[in-house]
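Peer 1: quick one: sequence and predicted model below, then my questions.
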Number of protein chains: 2
Amino acid sequence: MIGVYDSGFGGLTVLKTLRTALPRHDFVFLGDSGRAPYGGRDVDTVLDFAEQCVERLFEEGCRLVVVACHTVSCVALRHLQRRYCPNPCGPRRILGVTIPAAEAAVALSDGHIGVIGTTRTIASGTFATEVAKLGPHRVTALAAPLLAPIVEEGWDETEIAKLAVARYVAGFGDIDTLVLSCTHYPLLLAAFEAAVRPGVRVLDPSPAIAQSLLAWLQRHPGYTEEGTGAIRTMCTGDPESFRRNGERFLGSPLPPTQHVEEERGSLAHRDSVRVRVGQIVR
Amino acid sequence: MIGVYDSGFGGLTVLKTLRTALPRHDFVFLGDSGRAPYGGRDVDTVLDFAEQCVERLFEEGCRLVVVACHTVSCVALRHLQRRYCPNPCGPRRILGVTIPAAEAAVALSDGHIGVIGTTRTIASGTFATEVAKLGPHRVTALAAPLLAPIVEEGWDETEIAKLAVARYVAGFGDIDTLVLSCTHYPLLLAAFEAAVRPGVRVLDPSPAIAQSLLAWLQRHPGYTEEGTGAIRTMCTGDPESFRRNGERFLGSPLPPTQHVEEERGSLAHRDSVRVRVGQIVR
């Protein structure tokens, strides 16, 4: 069983390609939808949330966790790895999406890569750091703080989405490849392809991430076994809204989602969502 | 000196009307821009942030703090009042914007009020609760999670903003009055007026909030004295970006902004903004 962690629904676009690459493996997906988006949050908060989510997936019995969220991968992956799997031969491993995305971009690009993502992803500079380890490519990075919220609002097929994508994409110069460094953006793929200059390749890195995981599993047997191709889902927000939204990202029906909620620094299972209305006094 | 607290820049639209109503008073404005927007955050986080900001304004010497942010007013005002000013004749007071907004709406409406704001503001139901205390008006409430981010992005005069406002406004039925229950929305006033059905009044409650404060000060002398009409500003985010963005909200130049940052649960002054790039390990 492989754990997949995302800040919200977006990582289901990654889960979709992981299931295609590993159809007989079981997955448990944890979406921190109640506290999404992470993109504008301070790094300490991102680290806290990431710890809670990864711990929950380990408690579910996963020995391998894939951090599907680009923001967490760019900012907190090293921290998670040092904290939970300091020994590379130890019982647990955590993998991210930034290195596979950088590898795919370098393989595709002629020399000038554009990368677009959340404010926190872009501010980290991590994607450019990983590209620099692979080749002499230039990287132009731009934050698009409105795009993930537009997709979360279900507006990805509207004129608003097209105009917003075009406005952000206009900020890139003579790039030859544009990397979609946010798991929400595959739902805007058509808008990106319409917005870039002729000849510019738009790269959704999810298939490359899945291929990279496949190769990693072949080199590192024992972190997961084949199962029945089942998926389970958990989220910190409203499970019904997660299921409804999530199906757009996964591209197929979702099973009922369990609700988990922060309780003294950990994510605990809850039978129902606690709705707090009106003035809150504590 | 009156303290004005907001989750970001938006409250500067409230400060603008407060200065018009009280031109000889001094103001100190604290914008929690580094942690904005609050609209999608869980209530405990909103309460924590609000405590830190109000405490900082008290430390600056304010005896009266106006919570300019509708989200904080709707969710955390009662908590702040019980914690910091349990005695109505005590040395400090905290006022919000929800009750003045509800009073202004009831005075203007023929019977069916629409209210639009952040997800958290709308989910609280607090505006409708305050309207119900004042009259038999119906309230239709809709969350518009994308509008504050669009304004923060500086896109308030774009076609994207017009289309987004029109899309949200189409969700209201036969309202006669639409209350803009977020301090960012006055920058979208023209888009709102273009989007509503003919005859529907769009209410920016800021002038009513200022008049309400004026009347309160006359009933409660001693919480502030007249000064020279000076303003000071502090923010938790990037001060230069705060000044640049803030001038659009205040409608006039802003003085240099001090940077404050969370340190062990309080907001401490900082000479420079700590930029954290790359992978963060703690």
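Peer 2: Great, that's in hand.

Peer 1: now do the same contact list for the closest residue in space to residue A:124 that isn't next to it in sequence.
Peer 2: Closest residue in space to residue A:124, ignoring its immediate chain neighbours: residue A:74 at 4.1 Å, by Cβ to Cβ, 6 or more residues apart in numbering or on different chains. For every residue, glycine as well, the C-beta is placed using N, CA and C. Contact analysis of residue A:74 by Cβ atoms under 8 Å, 6 or more residues apart in numbering or on different chains lists A:98, A:117, A:120-121, A:124, A:126-127, B:279.

Peer 1: recalculate using a threshold of 6 Å.
Peer 2: A:98, A:121, A:124, A:126 (Cβ atoms under 6 Å, 6 or more residues apart in numbering or on different chains).

Peer 1: just checking, what packs against the top helix by length along chain A?
Peer 2: What stands out as the longest helix in chain A, according to DSSP state H, is helix A:43-59. If contacts are counted by 3 or more Cβ pairs under 6 Å, 6 or more residues apart in numbering or on different chains; DSSP states H and E, helix A:43-59 sits against strand A:2-6, strand A:27-31, helix A:70-75, helix A:77-84.

Peer 1: how about residue A:274, nearest residue that isn't a chain neighbour?
Peer 2: residue A:261 (6.8 Å).

Peer 1: name the residues that touch whatever helix or strand the one you found lives in?
Peer 2: Assigned by DSSP states H and E, residue A:261 falls within strand A:258-263. With contacts defined as Cβ under 6 Å, 6+ apart, strand A:258-263 is touched by A:234, A:236, A:239, A:267, A:269-270, A:273.

Peer 1: tell me the contacts of the residue lying farthest from the centre of chain A?
Peer 2: What lies farthest from the middle of chain A is residue A:281; by Cα atoms, centre = their mean that is 34.8 Å. Applying Cβ under 6 Å, 6+ apart to residue A:281 gives the contacts B:78-79, B:82.

Peer 1: remind me which residues of chain A are low pLDDT?
Peer 2: Applying pLDDT under 70 to chain A picks out residues A:39-40.

Peer 1: tell me the domain ranges of it?
Peer 2: A:2-97+A:208-270, A:98-204 (automatic domain parsing).

Peer 1: could you tell me the end-to-end distance of stretch A:172-185?
Peer 2: End-to-end distance of stretch A:172-185 (Cα to Cα, to the nearest Å): 17 Å.

Peer 1: identify the residues contacting that stretch?
Peer 2: Residues outside stretch A:172-185 that contact it (Cβ under 6 Å, 6+ apart) are A:10-11, A:13-14, A:68, A:70, A:101, A:105, A:108-110, A:112-115, A:117-118, A:121, A:127, A:140, A:148, A:151, A:196, A:200-204.

Peer 1: how about stretch A:97-105?
Peer 2: Residues from elsewhere that reach stretch A:97-105, judged by Cβ under 6 Å, 6+ apart: A:70, A:73-74, A:113, A:126-127, A:130-131, A:177, A:179, A:203, A:205, A:208-209, A:212.

Peer 1: again, 7 Å this time
Peer 2: A:14, A:67-68, A:70, A:73-74, A:113, A:126-127, A:130-131, A:134, A:177, A:179, A:181, A:203, A:205, A:208-209, A:212 (Cβ atoms under 7 Å, 6 or more residues apart in numbering or on different chains).

Peer 1: restrict those residues to the buried ones and give me that as a ChimeraX selection.
Peer 2: With 16 or more other Cβ atoms under 10 Å in any protein chain shown as the criterion, this ChimeraX line picks the buried residues out of the contacts of stretch A:97-105:
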select /A:14,67,68,70,73,74,113,126,127,130,131,177,179,181,203,205,208,209,212
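
Peer 1: which ones among the contacts of stretch A:97-105 lie within helices?
Peer 2: Short answer: the contacts of stretch A:97-105 in helices (DSSP H) are A:14, A:70, A:73-74, A:126-127, A:130-131, A:208-209, A:212.

Peer 1: of these, which is the nearest to chain B?
Peer 2: Using Cβ to the nearest Cβ, residue A:126 is the member of the ones in helices among the contacts of stretch A:97-105 that lies nearest chain B, at 5.7 Å.

Peer 1: get me the contact residues on the stretch 1-150 of chain A for chain B.
Peer 2: A:34-35, A:42-43, A:47, A:75-79, A:82, A:123-126, A:129, A:145-146, A:149-150 (Cβ under 7 Å from any Cβ of the partner chain).

Peer 1: make a ChimeraX selection of whichever of those residues turn out to be buried.
Peer 2: Selection of the buried residues among the residues of the stretch 1-150 of chain A next to chain B in ChimeraX, burial being defined by 16+ other Cβ under 10 Å:
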select /A:34,35,42,43,47,75,76,77,78,79,123,124,125,126,129,145,146,149,150
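
Peer 1: mind listing what the residue nearest in space to the middle of chain A touches?
Peer 2: Geometric centre of chain A, nearest residue: residue A:69, 2.3 Å, by Cα atoms, centre = their mean. By Cβ under 7 Å, 6+ apart, the contact list for residue A:69 reads A:6-7, A:10-11, A:38, A:183.

Peer 1: adding neighbour count, write those out as TSV.
Peer 2: Shown next, in TSV, are the contacts of residue A:69 (neighbours: other Cβ atoms under 10 Å in any protein chain shown):
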residue	neighbour count
A:6	30
A:7	31
A:10	28
A:11	30
A:38	27
A:183	30
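
Peer 1: between the residues you listed, which is nearest residue A:230?
Peer 2: residue A:11 (17.5 Å; Cβ to Cβ).

Peer 1: picking up where we left off before, any idea how far the residue nearest to residue A:124 lies from residue A:207?
Peer 2: 20 Å (Cβ to Cβ, to the nearest Å).

Peer 1: near residue A:235, how many other residues are there?
Peer 2: Using other Cβ atoms under 10 Å in any protein chain shown, the number of residues around residue A:235 comes to 27.

Peer 1: also residue A:59?
Peer 2: 11.

Peer 1: got the buried residues for the strand holding residue A:261?
Peer 2: A:258-262.

Peer 1: tell me the angle that strand makes with helix B:43-59.
Peer 2: Going by axes from the mean of the first three to the mean of the last three Cα atoms, to 10 degrees, strand A:258-263 is angled at 30 degrees with respect to helix B:43-59.

Peer 1: my read is that residue A:253 contacts residue A:247, right?
Peer 2: Yes - counting by Cβ atoms under 7 Å, residue A:247 is a contact partner of residue A:253 at 6.0 Å.

Peer 1: strands of chain A, residue ranges please.
Peer 2: Remark: strands assigned in chain A by DSSP state E are A:2-6, A:27-31, A:64-67, A:93-95, A:112-117, A:138-143, A:177-180, A:201-203, A:231-235, A:258-263, A:266-270.

Peer 1: output those strands as CSV; include the columns distance to residue B:20.
Peer 2: Listed next are the strands of chain A as CSV, based on distance: least, Cβ to Cβ, whole Å:
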stretch, distance to residue B:20
strand A:2-6, 46
strand A:27-31, 46
strand A:64-67, 50
strand A:93-95, 55
strand A:112-117, 41
strand A:138-143, 35
strand A:177-180, 46
strand A:201-203, 49
strand A:231-235, 46
strand A:258-263, 43
strand A:266-270, 48
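
Peer 1: contacting residues for the residue of the stretch 1-150 of chain A found nearest chain B?
Peer 2: Residue nearest to chain B within the stretch 1-150 of chain A (Cβ to the nearest Cβ): residue A:78, separated by 3.7 Å. Residue A:78 makes contact with B:279, B:281 under the criterion Cβ under 7 Å, 6+ apart.

Peer 1: hmm, try it at 8 Å
Peer 2: B:279-281.

Peer 1: which residues of the stretch 151-282 of chain A lie near chain B?
Peer 2: Within the stretch 151-282 of chain A, the positions lying close to chain B (Cβ under 8 Å from any Cβ of the partner chain) are A:152-153, A:155, A:158-160, A:163-164, A:167, A:262, A:276-282.

Peer 1: now the residues you listed: which count as buried?
Peer 2: Burial by neighbour count, judged by 16+ other Cβ under 10 Å, picks out A:152-153, A:155, A:158, A:160, A:163-164, A:167, A:262, A:279-280 from these.

Peer 1: and which of the residues you listed is nearest chain B?
Peer 2: Distances from chain B to these, taken by Cβ to the nearest Cβ, are shortest for residue A:279, at 3.7 Å.
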